[in-house]
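Student: coordinates only, no sequence provided:
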């Protein structure tokens, strides 16, 4: 995710030398250094770089967050801290940072890697409008940004976008398998399924009509599409999708509770 954000920021015109990446992985540092950004290891990270930073992005696994932030919690003054760690509440992060409150929580998804992501964001009461705009600009480098007013809504963000690329991949996977059973080879089935999902998504984004209306537009009475839709409705596909999202939501709540109890 850090690489996605860096690539997006550079693509938006940010001067590479204005970006510093702290990462223990040498291969990742070399890759990012080839883009012109500053890189360093956690052991060599200078206090000066953290003090002078306008934004600090915590793109690490939640399990190691406490260890990571322990190295710089004492140098925080007015910097904006953005966390993309799943399951860690702003309250938990603040506790790790010794009570520091200038925190924004972000839930991006994997298409951020190609600057086509969708990110839900939540800000603590300490964040002012200019900081909120700055956070938007940083995360918008990797795609769409939407804010929620209640941090509990971040679980819904996880269900509808954070985890949702996997739902779409699963749907494509099933379409490909179904097409092969109908006689197409895997290459043909994959190309048709992928382009169809891409085209349908783009069409729904650019159209003034709702997805429901777009579905009705392509569903001719007694036609092939109607047969397919009726089969999905008879098998409660819509309800199954809703149940899957509920399962995701509940697991997100559980992870958040588990992580908070460890801080």
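Tutor: Alright, I've got the coordinates. Note that the structure is a prediction, hence the values are computed from the model and not measured.
Student: what ranges do the helices span in this structure?
Tutor: Applying DSSP state H to the chain gives helices spanning 2-11, 26-33, 47-52, 65-69, 90-96, 129-140, 154-157, 164-181, 186-206, 211-218, 224-234, 237-261.
Student: got the contact list for the last one?
Tutor: Read that as helix 237-261. Outside helix 237-261, the residues that touch it by C-beta atoms under 8 Å, 6 or more residues apart in numbering are 62, 86-89, 91-92, 154-156, 158-160, 162-163, 167, 232. The C-beta positions use only the backbone N, C-alpha and C, and glycine is treated the same way.
Student: any of the residues you listed buried? List them.
Tutor: Buried members of those, counted by 16 or more other C-beta atoms under 10 Å: 62, 86-89, 92, 154-156, 158-160, 162-163.
Student: which of those lies closest to residue 215?
Tutor: residue 160 (18.5 Å; C-beta to C-beta).
Student: setting aside sequence neighbours, what's the nearest residue to that closest one?
Tutor: Using C-beta to C-beta, 6 or more residues apart in numbering and skipping residues adjacent in sequence, the residue nearest residue 160 is residue 245, 6.7 Å away.
Student: and the buried ones among the contacts of helix 237-261 as TSV, adding distance to residue 199 and pLDDT?
Tutor: Listed next are these as TSV, based on distance: C-beta to C-beta, whole Å; pLDDT from 0 to 100:
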residue	distance to residue 199	pLDDT
62	36	85
86	31	84
87	34	83
88	37	89
89	38	92
92	41	91
154	31	95
155	31	94
156	27	96
158	27	94
159	25	95
160	21	96
162	24	93
163	23	94
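Student: just give me the closest of those to residue 124.
Tutor: When those are compared for distance to residue 124 (C-beta to C-beta), residue 89 wins out at 10.1 Å.
Student: could you pull up phi and psi at that closest one?
Tutor: phi -70, psi 160 (degrees, to the nearest 10).
Student: now do the contacts for it.
Tutor: Residues in contact with residue 89, defined by C-beta under 8 Å, 6+ apart, are 105, 151, 256, 259-260.
Student: so which of those is surrounded by the most neighbours?
Tutor: When neighbours are counted by other C-beta atoms under 10 Å, residue 105 leads these with 27 neighbours.
Student: distance check, residue 193 against residue 159.
Tutor: 24 Å (C-beta to C-beta, to the nearest Å).
Student: tell me the spacing between residue 255 and residue 107.
Tutor: Residue 255 is 12 Å from residue 107, by C-beta to C-beta.
Student: between those two, who's got more neighbours?
Tutor: Using other C-beta under 10 Å as the criterion, residue 255 and residue 107 rank with residue 107 on top: 25 against 16.
Student: any idea how far residue 199 is from the more buried one?
Tutor: Counting by C-beta to C-beta, the gap from residue 107 to residue 199 is 27 Å.
Student: so where's this protein shaky on pLDDT?
Tutor: Within the chain, the stretches with pLDDT under 70 are 46, 262-263.
Student: in its sheet, what does the biggest strand by length in it sit against?
Tutor: Counting by DSSP state E, the longest strand found in the chain is strand 117-123. Sheet partners assigned to strand 117-123 using DSSP bridges are listed as strand 103-107 (antiparallel), strand 143-147 (parallel).
Student: neighbouring contacts of the first one?
Tutor: Read that as strand 103-107. For strand 103-107, contacts defined as C-beta under 8 Å, 6+ apart pick out 80-84, 86, 88-90, 93-94, 97, 119-124, 126-127, 131-132, 135, 139, 151, 154, 157-158, 161-162.
Student: between it and helix 2-11, how many degrees?
Tutor: 100 degrees (axes from the mean of the first three to the mean of the last three C-alpha atoms, to 10 degrees).
Student: next one: the last one
Tutor: Counting by the same axes, to 10 degrees, strand 143-147 points 100 degrees away from the direction of helix 2-11.
Student: now the angle between helix 129-140 and strand 143-147, please.
Tutor: Going by the same axes, to 10 degrees, strand 143-147 makes 140 degrees with helix 129-140.
Student: in the buried ones among the contacts of helix 237-261, find the pair that's most separated.
Tutor: Checking these with C-beta to C-beta, the most distant pair is 92 and 160, at 22.8 Å.
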